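S.K.: need a structure here:
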Amino acid sequence: HLHHYTFTMDIPVSIIEHINAGAFRSLCEHLRSRSDLVQNMALMTVSGFCRNCLAKWMVLEARRLSEQLQSDEKLVSWYIREGETSLDIIKALDNWGYEDAAKVVYGCTYAEWKARHQSKATEEQLRLYNESKSLHASHDASLLKCDDDGYQRENELSQTILIRLQAGASESL
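M.R.: Numbers count the residues shown, from 1 in each chain. Next up is the predicted model:
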């Protein structure tokens with residue numbers, strides 16, 4: 001999924017992935033530190049995306065990675081931890097949802113962030129938001145749904161997988 005970049009030095013894709021993931025984490029931290037000053041609606045009006053979009057892009061990247069792992073057994077070896085199977089990873093990715101991603105982006109659940117920081121939109125904010133709808137990111141709602149097969153994830157996703165999801169979400173910007 002990562003794009004091929006041309007550099008004066010040949011930088012491995014895994015390093016580019018770590019750089020993208022670091023940029024994504026820095027963006028999330030920057031937005032967290034301005035939670036009381038910058039509302040999601042203002043972000044959507046100016047940039048066409050907000051914190052919710054970042055979380056949704058992480059979920060979409062989880063679905064893409066799941067599909068890739070199902071078709072590329074060699075790729076699985078990069079992400080697998082001791083005691084896990086490829087099926088464990090794929091099921092975890094398929095069941096990793098918006099609330100999981102929101103914790104990464106917001107540093108807490110969306111409901112907690114909203115209760116602490118979100119204010120009621122003014123008429124002017126609503127007008128600007130509606131006028132900017134052509135800029136707004138869109139997300140395939142069917143891909144955001146988790147598999148509902150009763151799967152209970154035992155552990156959090158590995159750091160290696162989270163880096164991949166953050167890097168993929170970063171590329172969606």
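
S.K.: where's the residue nearest the centre of the chain relative to Arg127, distance?
M.R.: By Cα atoms, centre = their mean, the chain has its centre lying nearest to Met58, at 2.0 Å. Distance of Met58 to Arg127, computed by Cβ to Cβ, to the nearest Å: 30 Å. In short, each C-beta sits where N, CA and C put it, glycine included.

S.K.: any regions of this structure where pLDDT drops low?
M.R.: For the chain, the stretches with pLDDT under 70 are 1-9, 148-155.

S.K.: residue at max distance from the center of it?
M.R.: Farthest-out residue of the chain from its mean C-alpha position, per Cα atoms, centre = their mean: Glu123, at 30.2 Å.

S.K.: how about that residue, what does it touch?
M.R.: By Cβ atoms under 8 Å, 6 or more residues apart in numbering, Glu123 lies in contact with nothing.

S.K.: what are the phi and psi angles of it?
M.R.: For Glu123, the backbone dihedrals (degrees, to the nearest 10) come out as phi -60, psi -40.

S.K.: cool, and Ala169?
M.R.: With angles defined as degrees, to the nearest 10, Ala169 sits at phi -70, psi -40.

S.K.: number of residues surrounding the nearest residue to Tyr106 once chain neighbours are set aside?
M.R.: Among residues not flanking Tyr106 along the chain, Trp113 sits closest, at 4.3 Å (Cβ to Cβ, 6 or more residues apart in numbering). Residues lying near Trp113 (other Cβ atoms under 10 Å) number 19.

S.K.: can you say which helix or strand has Trp113 in it?
M.R.: Here Trp113, judged by DSSP states H and E, is contained in helix 110-117.

S.K.: now the next helix or strand after that helix, how far from the chain's geometric center?
M.R.: Counting by DSSP H and E, the next helix or strand C-terminal to helix 110-117 is helix 123-131. In terms of Cα atoms, centre = their mean, to the nearest Å, the centre of helix 123-131 is found 26 Å from the chain centre.

S.K.: cool, stretch 79-96 as well?
M.R.: Distance, stretch centre to chain centre, for stretch 79-96: 18 Å (Cα atoms, centre = their mean).

S.K.: thanks a lot, catch you later.
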